[in-house]
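[1] build me a model:
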Amino acid sequence: MALTYPLDILTGFPGWSTEFDLLYRQEYSRTEGGVTIAKDRGTPLWKAAFQSIILQPNELDIWRARLKAMDGSLQQFSGRPMSRCFPIAFPNGMGIGDVSGVRIETIGTNNKSLTLLGLPVWFSITIGDYLQIGTKLYQVLESAVANASGKTTNFELRPHLAPGTAVGNVVTLIKPSVPMIILPGSLTTSAELSTGRGTISFQAIESR
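    Below you'll find the model as predicted:
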């Protein structure tokens, strides 16, 4: 069966995302009076680092093979913070209910806030949660709770909403992800000489 990209290489990955954060594309200048001025040169990109536990030789070879499907840095995979497969208020998905019909209800005029509709009653959105809209990933900056109609209060997120984001767009709360590629030269699969055991580690960056 042909592989489908972005490839899901993180399901079953025997390790953790040791870093998952925004890489700001900004430049800085300083005035004669000593004031530092920052300017955006583009929307920030998600960057990540992944590290496995120590693997037995057979498992190490399996993961070496799986990662070859990325063709170095040519192919995309579904990148996500492995700590946030589910919202914080629902560890391991316990009690989360049906969130398959969540949509954007309103978008703030600042283009960095929204309300959601279609959530279970009294569903909690927590600071630090992630959500996916289309192929874009966002992190929640304010907590919000769904009312009896399944609609949340307005809350902010980052980065700013991507162009084309619209009321009615589907919102993914379970395993939200973003297309990423492995940073060139960052993949290591070193093994111990004496045992053949080793680890897998790599860094990744959002790919648009």
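[2] now do the contacts for the residue nearest the centre of the chain.
    The residue lying closest to the centre of the chain (CA atoms, centre = their mean) is Arg80, at 3.4 Å. Contact analysis of Arg80 by CB atoms under 8 Å, 6 or more residues apart in numbering lists Leu10, Ser17, Phe20, Tyr130, Leu137, Lys175, Pro176, Ser177, Val178. To be clear about C-beta, it is placed using only N, CA and C from the backbone, and glycine gets the same treatment.
[3] next: Trp46.
    Phe20, Asp21, Leu22, Leu23, Gly79, Leu137, Val178, Met180, Ile205, Glu206.
[4] just Ser113 next, same as before
    Contacts of Ser113 by CB under 8 Å, 6+ apart are Ile107, Asn154, Phe155, Glu156, Leu157.
[5] please produce a PyMOL select command covering the buried subset of these.
    Buried members of the contacts of Ser113, defined by 16 or more other CB atoms under 10 Å, are picked up in PyMOL with:
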select buried, resi 107+155+156+157
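[6] let's have the contacts of Ser113 in CSV, adding pLDDT.
    Compiled in CSV, the contacts of Ser113 are given as follows (pLDDT from 0 to 100):
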residue, pLDDT
Ile107, 98
Asn154, 96
Phe155, 97
Glu156, 97
Leu157, 97
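[7] in helices, which of the contacts of Ser113 appear?
    Judged by DSSP state H, helices contain none of these.
[8] what's the closest of the contacts of Ser113 to Thr165?
    The closest of the contacts of Ser113 to Thr165 turns out to be Ile107 (CB to CB; 6.8 Å).
[9] element containing the closest residue to the closest one other than its chain neighbours?
    In this structure, Ile107 finds its nearest non-sequential neighbour in Leu114, 5.1 Å apart by CB to CB, 6 or more residues apart in numbering. Assessed by DSSP states H and E, Leu114 sits inside strand 113-117.
[10] right, and Thr135 touches Pro179 too?
    Yes. Between Thr135 and Pro179 there is a contact under CB atoms under 8 Å: 5.8 Å.
[11] between the two, which one's more packed in?
    The neighbour count for Thr135 versus Pro179, taken as other CB atoms under 10 Å, is higher for Pro179 (20 against 15).
[12] what helix or strand is that one on?
    Using DSSP H and E, Pro179 maps to strand 178-182.
[13] quick one: whatever helix or strand comes next after that strand to strand 178-182, angle?
    Sequence-wise, the next helix or strand downstream of strand 178-182 (DSSP H and E) is strand 201-206. Strand 201-206 runs at 130 degrees relative to strand 178-182, counting by axes from the mean of the first three to the mean of the last three CA atoms, to 10 degrees.
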